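Colleague: For reference, the sequence and a predicted model appear below.
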Amino acid sequence: FIEEHLTEKLDLDIVARGVHYSKYYLHRIFTNTVGLTIHDYVQRRQLTEAAKLLVFSEKPILDIALEAGYESQQAFTDSFKLMYKQPPNQFRRNEVFYPLQLKFEINEHLDLLNNKKVNLKPEICLATKEDIPLWMELVQHVIDGFPNLEEKKHMQVLKRYIDEKQAFIMKDETVAIGIMMLSHQTGSIDFLGIHPLFRNQGYTREFLDKAIREILNKRQISITTFREGDKADTGYRKALKELGFAEAELLTEFGYPTQRMILSKEG
């Protein structure tokens, strides 16, 4: 329903009526499953499709703004800058598209959604090149946490980490539950993603414990995430702080403002 009405103004009431659910039930089940409220998911999907049009079409920005459900070009520009850290006209000039939010597909994993596999405790193991398709499928599910990520470049880096035995995966037969790139040289977690259907089951902590065991000779582990107050952050920064990470220096990575977070050995 959301995908069919992305060019319209959508809110919880409209979606609930459209799919014949109580809005209170829909809000709870949607947020628990996707990890975002319907409002945030719709906004991120609309801006993603708008960004695609900015790069791959010649449509006027006002027309794109209206297609994205905004009533004015200024309202669209304000929202776009909050998420993409640049105005639409500059984004168009740069000619580099990256998605804020891809369409969330769950049909192929309905068994996971129905069962939640609460008794499943797969091990975290070294990733192999045979795991690349499952890995890249999960990357699409967690792309909201990695601004400016380019899948082709990520796959190239992944192959190197696999060769160096620094890529880890938790999986069942059909899906990657979690993935992590770890640098023994720098003591940093360079990529960490948990499938949205499993984010509330403690798997992030298990990957962190794995990282700690792998980097015993380091005084601390580091990871980068969104800066405080970044409207594009869907909860990654908060999750890291809850795991014990502390704020460190501000950075700019791939043209995007981020912050380094550290977990000391004592912590």
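Modeller: Thanks, I have the structure now.
Colleague: Do a quick rundown of the strands in the chain.
Modeller: Using DSSP state E, the strands of the chain run over residues 125-126, 167-171, 176-183, 188-194, 220-226, 246-253, 256-264.
Colleague: just checking, what packs against the fourth one?
Modeller: So that's strand 188-194. helix 132-141, strand 176-183, helix 203-214, strand 220-226 (3 or more CB pairs under 8 Å, 6 or more residues apart in numbering; DSSP states H and E). Where C-beta positions appear, they are placed from N, C-alpha and C, glycine not excepted.
Colleague: can you list contacts of the last one?
Modeller: For strand 220-226, the external contacting residues (CB atoms under 8 Å, 6 or more residues apart in numbering) are 145, 186-189, 192, 208, 211-212, 215, 232-233, 236-237, 240, 245, 248, 251, 253, 258-265.
Colleague: before we move on, what about the third one?
Modeller: Taking CB under 8 Å, 6+ apart as the criterion, the residues outside helix 203-214 that touch it are 124, 168, 170, 177-178, 180, 182, 184, 189, 192, 194, 221, 239, 243, 263.
Colleague: Sort out which residues of that helix are buried, please.
Modeller: Going by neighbour count (16 or more other CB atoms under 10 Å), the buried part of helix 203-214 is Y203, T204, E206, F207, L208, K210, A211, E214.
Colleague: Check the gap between F198 and L134 for me.
Modeller: To L134, F198 is 14 Å away according to CB to CB, to the nearest Å.
Colleague: do the same with S22
Modeller: From S22 to L134 the distance is 35 Å (CB to CB).
Colleague: Just want to know which of those two has more residues nearby.
Modeller: L134 (19 against 10; other CB atoms under 10 Å).
Colleague: what's the neighbour count on the residue lying closest to the more buried one once chain neighbours are set aside?
Modeller: Leaving aside its sequence neighbours, L134 sits nearest to A176 (CB to CB, 6 or more residues apart in numbering; 4.2 Å). As a burial measure, A176 scores 23 neighbours (other CB under 10 Å).
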